[in-house]
Each structure stands twice: as C-alpha cells, then as structure tokens.
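**Q** I would like the atomic coordinates for the input below:
(chains A, B, C and D)
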There are 2 protein chains.
Amino acid sequence: MEPSGGAKRATLAQVAERAGVSVMTASYTYNRPNRVSEQARSRVLAAAAELGYAGPDPSARSLRRGSNRTLGVVMGEHLTYAFEDPEAVSFMAGIAGVCSEHGYGMTLVPVTGAADDVTRITDAAVDGFIVWTTSDDDPVLAAVRSTRRPAVVHGGPAVEGMELVTIDNRAAARAVGAAAWAGAERPAVVCFPLDRDRRTMVTKGGALPGAAFPVTRERLEGYRQAAEAAGIAWQDVTVAVCARNGADEAERITAALLASAEPPDAIAAMSDRQASGVVRAVRAAGRSIPGDVAVTGWDDAAAAARLGLTTIAQSLRDQGASCARIALGGPSTRTPAWSLVHRTSTRP
Amino acid sequence: MEPSGGAKRATLAQVAERAGVSVMTASYTYNRPNRVSEQARSRVLAAAAELGYAGPDPSARSLRRGSNRTLGVVMGEHLTYAFEDPEAVSFMAGIAGVCSEHGYGMTLVPVTGAADDVTRITDAAVDGFIVWTTSDDDPVLAAVRSTRRPAVVHGGPAVEGMELVTIDNRAAARAVGAAAWAGAERPAVVCFPLDRDRRTMVTKGGALPGAAFPVTRERLEGYRQAAEAAGIAWQDVTVAVCARNGADEAERITAALLASAEPPDAIAAMSDRQASGVVRAVRAAGRSIPGDVAVTGWDDAAAAARLGLTTIAQSLRDQGASCARIALGGPSTRTPAWSLVHRTSTRP
DNA sequence: CTGTTAGCGCCTTCAC
DNA sequence: GTGAAGGCGCTAACAG
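**A** Below is the predicted model of the structure:
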C-alpha cells in the first residue's frame, strides 16, 4: 500500500558528473539559467534527459530553502465536508486563487477529530495554515499554533498568535434577526451545532447551554438581541440545534416544530442550506411564507435568490482569498463586509 | 509577501542538548517512543516544551524518508474550476476520503495553462499524482510522467507509464445517444470544447475537427454510432461546441439553435449542467420536452433528477477514490461502472 | 561564468 | 536503552 516512488530518481550530482560540470553549474541550470553559459546549460539538460532527471528534488529543496511554497488548509472533522458544503467550496476557491497567483500549492490537511490530528498537522510540510472555523476547545488550534508558522483562523475562535478573519456575526445576526422576528409571536432558530459533540436538541433560548463554536455563539447572541429589541424574551424563543449544517436535517426538525403544540411563525436559520430545508418543511405543512411563517437564511447562496430568502450576504470566496493573503504575509481585510438582503420570505 | 516562517523553530539537536541526551534519543522519542526509557522520554518532551519545539521538521523528514505522505491533484487550467464544477468537487471528495483514511495529505497543484505549469508540477513535494481529464497534447502529462512518481489520469488520455481510470465513454454515449435520437429528425449535440483553445463553433458532425480531449472525442464517437444506428447520417447532426462546461453557455447556444432555420428536435448534452441550460432555453422558446425537443444530460447530478433528465449515471466520487487508491499503490477499478437513467426528457 | 565548501534537520546503520 | 557517524539532495555564500 506504500507508494513505490516509481523508478529510482537520478540526483543532481549524477547529472553534473555526466555533463562534466560541477554540481553547482547543474544547480544553476535549474535555478538561475542565465548565470550559466549556453553550452554548459545544454550539456546539463542533455545529461538530465539521458538520466531521466526531472529537476531538483522538492523535499531537498524545501529543506535547503526553508520554505515549501505551500499553504495548509485545515477543514475540520471530515475532509470531505470541505467539498460538500458549497460555502466551504467557495472559501477554498478563494484560497486556491491566491495560491495560484503566487505559485503556491495548497495542501488539504486531513483532520478526523481523532487523537492523531495533532500529528497530522505538525507533520504537514507547509509554510502556513488556514483553519476553517472550529470550536474554542479544538486541539487542532494548539497544534497549528505550536508549529509557529503563520496561521489564520476563519470565523473563530480568536487565538493569541493567530490571525482571525471573520465578519461581525453578532451584528449580522441582529440585522437578519430583526427581519425574521418582525411581527412574530413564536420565533424559532434553526441552529448549527453548539459543540463538537454535535448533539441535537430543541429547547428555549433561556435553557440553551453555551456554544463552543464562536460563530454559532455570536449568531445566537445577535438573534437574542434582535428578539429583545422586538419585545420578545429570549427564553420564549425556540432553538432547534442540528448536528450538522444541511437541508435535510433542518427540514426534519422544522417539520417536528410545525407539528408541535406551539408551531413557530418565524424561523431564522444559520445557513441558506438549512433555510432551504426549512422552506420545504413549511410548504409541506401547507403553511405560507411569510404569511404563516417568516424564514431567513444566511450566506446569500444561489438557493437564497431562487427561494426569495431574506438572508445575510457575504463572500466566502473573498474571505478565503483574504486568509491566504494574510498567511502569505501580505495585507488584507480581517473584517470582511456583509449585508442584509431583504427578499420575500420575511414580513415587511 | 514572503511568509515569515514565524519565530525561529528549534531543532531536534537543541532539544537533545537541553535534555542532556543524544540527538538519537530525542529522535526516538518522536519516532519509537517505546525504545526510549520513560525518564529520557519525559526529559526530552520537557525540553521540547521549553523550547517550543513542535516535532521533527516535515521537510527534513521527507528528505530523509523519501516520502511526503501527500498526493498531488492536478485539475487543469484553473484551480478554481476544481471548485466550481460539482462533478469535479465530487471527484476531489473521493480522493480526500481515501487520503484521509491513509493519513495522507492532498496537495492541489496550481496549473494555469501557462509555461510554468511544468515547473509547478516538478516542484510539488508529493508521492504521486492524480490528473483530471485533459487533452492529448497537454504538457502537464509529460511533466507528471517525468517525475517518475505513480500517476493516475482520470478520463484520459491514456499515457504510457500512467494509470487510467475512466468509464467507457463511447459505450455510454451510444446508450444515451440512442435515447436522445429516438424519433428525432434534426438531432444536435451540445458539446464540450474540442481542445485547449476552447473555440466555440456550430457545425455538422461531418465537418467537425478532431477533438484533442479524449473524453469529448469518445462521447462524440458514441453519439455518432447511435445516430447511424438510428438511420441518421453523422453529417446531418448539428454539433454546438461550447468553450466551457456550464449551463449559461449551453443555454445561449441552444437558444441560437432553436431560432435557426433548422431547429433541433433532440439535443444530447455532455453534462447535466449543460443540459440544465438546454432545458431553460427550450422552455424559454416555448417548446415542450420531449414532445418538441428531446434532451439528455450526463452525470446524473441532482439537477438531472429535478428536471427529469435522461442521463448517464456515474459516481465521480468513487472514481476519485479509485484514483487515489491506485496512486497509493493499492488495487482498485480502472473501469468504473456507469448506467443509463431513463427519465421523462426523451421520447419513449 | 564556474567551482568549493558547508551545512539545511533528520533518521538509518551500526556499534556499545 | 543509548549514542556516533554519515548522508538523504540540494543550494547560499563565497571564492576564483
């Protein structure tokens, strides 16, 4: 199961010998071609071709130069998640664009939630890390920090010694919450998981345990403030905590809420994916939007426009690009812009 | 703009000195903990903690071991494309899953279509490559081959010395083509680009230049065979070549076809994304599906089910996983399964 | 323009 | 259970 490494690779020294030049001339041929005579250069390249030498070994070069020309991206729990969530994909596309511009590669560091995550991070041959939003207590953060390489966290938590790129989730939640709760009497939040245990629960705002994910925590706080501004006590707001960010789970949990004794008449979701599920459940229950139930999303994904969702617009792509630029030591925004997009899923 | 590398990292030798042991004892502490006395071990770890040593340097280790524990993925032209096409994303998710299982990282190699692509590939510190389908003449192939590392091409072309994982595109195109052309008199193909120039054109099958992308070529050949089996001469089949795989371009080009003197009554697209655009254009023109125009897609994406598209089902995710397993030296399928899914967009 | 020297940080080998 | 030597393949720094 181990990679064979293919046929044995020739070394620069062998190429130099065959070409009848010193190792340095061979090295220069690859690194400073114009510092080498045309003649020497072609002899080196000829020797390389004969030996099937494909150029300097990248690891040796990295060791010598002290840089890998690669950024590491840590996406949390399951690497495949990175590809399943369209917003995560946008984020990665933003990173990819900047890496590409700078001739950098992008290594996805596999993290599973298991104990060896730390090893996988300290073992990654990268020049800097970008960490997708995670919980306050995620050991991955300490591992990344311990490498002493430039590191940028997206979303949160804020970690001393690491950069943070995030919108003001609390303010954005206040804004979209105000739209959601307008004219509502029985509001509900369809919520991201609170911590890495990802326990599902339905409770009231007052009874909610603290959230270990800062993004979740900040948004809840914003919804709470919006509720109180609308004259609704937080302890009267239903909070339905999902295990994951996805439409299906949001749909099921919404269906349950609507079938309960106190069906909500306004539902704020934490993503447009969740909101899509909410919309399906509301329609399936024969209720109208926003007449019977107001619905809000988050992200302004394509689905949001299609469904007429009031939502928070932000560019995960730009945020990914910012993270990458910062990791590469350049300047960029730490507090990206967001805006409230009013559509037809909320009461005017 | 260069990464700072953060604070200077301590070396194993420094840790050993501080712990009052030899370098080897320190090394064993990280690599063979049980070959070291409890006492020595804890002194080494204490020294490491004091110095902020995060473990052996990955590049040095790679150099010494001759392996990077990382697979390289080459996605062609624009790295961001990898994240824009849902099928490509599935494919990457499949790779990610296998890498994750094996504790391997996954490096996305930035390739732009420019001359330095070759450099970027030979510079990548990876143990093997997976190359997303490309054209026969793509220099990336020779570059990957020259590294003499295990390499797997997905889709094509077949390259001596590299593995190939692909469905039988010709047979699949024959199958879906048969469904598309049933009862048709003016068939058309909405086609992927023929070569890396990505020139747009509308022509007849007989006048079509050869395609440099094997996947495109094979599918065209399958459609041709299906046409002839249905008693339609290839030179009578319209082929609309798009610059990229996307719904919008397919929609525009279909609108033009429908407005022409000989509007097609059957359109076979090369992806469900393209087919979505085709469906939009057909509806916008006030034609019915399949009554006025039969439509087929490819991939059996979510959109295909939603639109009732007859299409070819295949799992890009499984194919990504296969590629990764093969690159890691394990066994896996080279010829994945596909199947024809009959829905309502074609004539019975 | 070309060559020599001296490591980059680590781990395999072999001795004790 | 521990350590000394040597080298993985390459290139910065400095001659010439």
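
**Q** Spit out the contact partners of A:Gly55.
**A** A:Tyr30, A:Ala48, B:Thr119, B:Thr122, B:Asp123 (C-beta atoms under 8 Å, 6 or more residues apart in numbering or on different chains). Where you see a C-beta, it was placed from the backbone N, CA and C, and this is true even at glycine.

**Q** Could you single out the nearest of the residues you listed to DNA strand D?
**A** Using C-beta to the nearest atom of the strand, A:Tyr30 comes nearest to DNA strand D of the contacts of A:Gly55, at 5.7 Å.

**Q** what about the closest one, helix or strand, and which?
**A** A:Tyr30 belongs to helix A:23-31 when elements are defined using DSSP states H and E.

**Q** send the alpha carbons of that helix over as PDB?
**A** Provided in PDB are the C-alpha atoms of helix A:23-31 (Å, rounded to 0.1, in the frame of the first residue of the first chain):
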ATOM      1  CA  VAL A  23      27.100  20.200  -9.200                       C
ATOM      2  CA  MET A  24      26.600  24.000  -8.800                       C
ATOM      3  CA  THR A  25      26.600  24.500 -12.500                       C
ATOM      4  CA  ALA A  26      23.900  21.900 -12.700                       C
ATOM      5  CA  SER A  27      22.000  23.500  -9.900                       C
ATOM      6  CA  TYR A  28      22.300  26.900 -11.500                       C
ATOM      7  CA  THR A  29      20.900  25.500 -14.700                       C
ATOM      8  CA  TYR A  30      17.700  24.900 -12.900                       C
ATOM      9  CA  ASN A  31      17.700  27.900 -10.600                       C
END
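
**Q** Tell me the helices and strands packed up against it.
**A** Helix A:23-31 sits against helix A:12-19, helix A:38-51, with contacts defined as 3 or more C-beta pairs under 8 Å, 6 or more residues apart in numbering or on different chains; DSSP states H and E.

**Q** switch the cut-off to 10 Å
**A** helix A:12-19, helix A:38-51, helix A:58-65 (3 or more C-beta pairs under 10 Å, 6 or more residues apart in numbering or on different chains; DSSP states H and E).

**Q** I would like the residues contacting it, please.
**A** Defining contact as C-beta atoms under 10 Å, 6 or more residues apart in numbering or on different chains, one finds that helix A:23-31 is touched by A:11-19, A:21-22, A:34-37, A:40-45, A:47-48, A:53, A:55-56, A:61, B:119, B:122.

**Q** For the residue in the stretch 101-250 of chain A that DNA strand D sits nearest to, which non-adjacent residue is closest in space?
**A** The stretch 101-250 of chain A approaches DNA strand D most closely through A:Ala125 (13.6 Å), counting by C-beta to the nearest atom of the strand. In space, and not counting its chain neighbours, A:Ala125 is closest to B:Pro58: 3.9 Å by C-beta to C-beta, 6 or more residues apart in numbering or on different chains.

**Q** For A:Ala233, give me phi and psi.
**A** Main-chain dihedrals, A:Ala233, degrees, to the nearest 10: phi -70, psi 140.

**Q** Please tell me I have it right and it contacts A:Trp181.
**A** No: using C-beta atoms under 10 Å, A:Ala233 makes no contact with A:Trp181, being 11.8 Å away.

**Q** For these two, list the residues in contact with both.
**A** With C-beta under 10 Å, 6+ apart as the test, A:Ala233 and A:Trp181 both reach A:Ala227.

**Q** out of these two, which sits in the busier spot?
**A** Looking at A:Ala233 and A:Trp181 with other C-beta atoms under 10 Å in any protein chain shown, you find the greater number of neighbours at A:Trp181, namely 26 against 12.

**Q** how close does the closest residue to that one other than its chain neighbours get to A:Ala294?
**A** Of all residues beyond its chain neighbours, the one nearest A:Trp181 is A:Ala230 (4.4 Å), with distances taken as C-beta to C-beta, 6+ apart. A:Ala230 sits 12 Å away from A:Ala294, taking C-beta to C-beta, to the nearest Å as the criterion.
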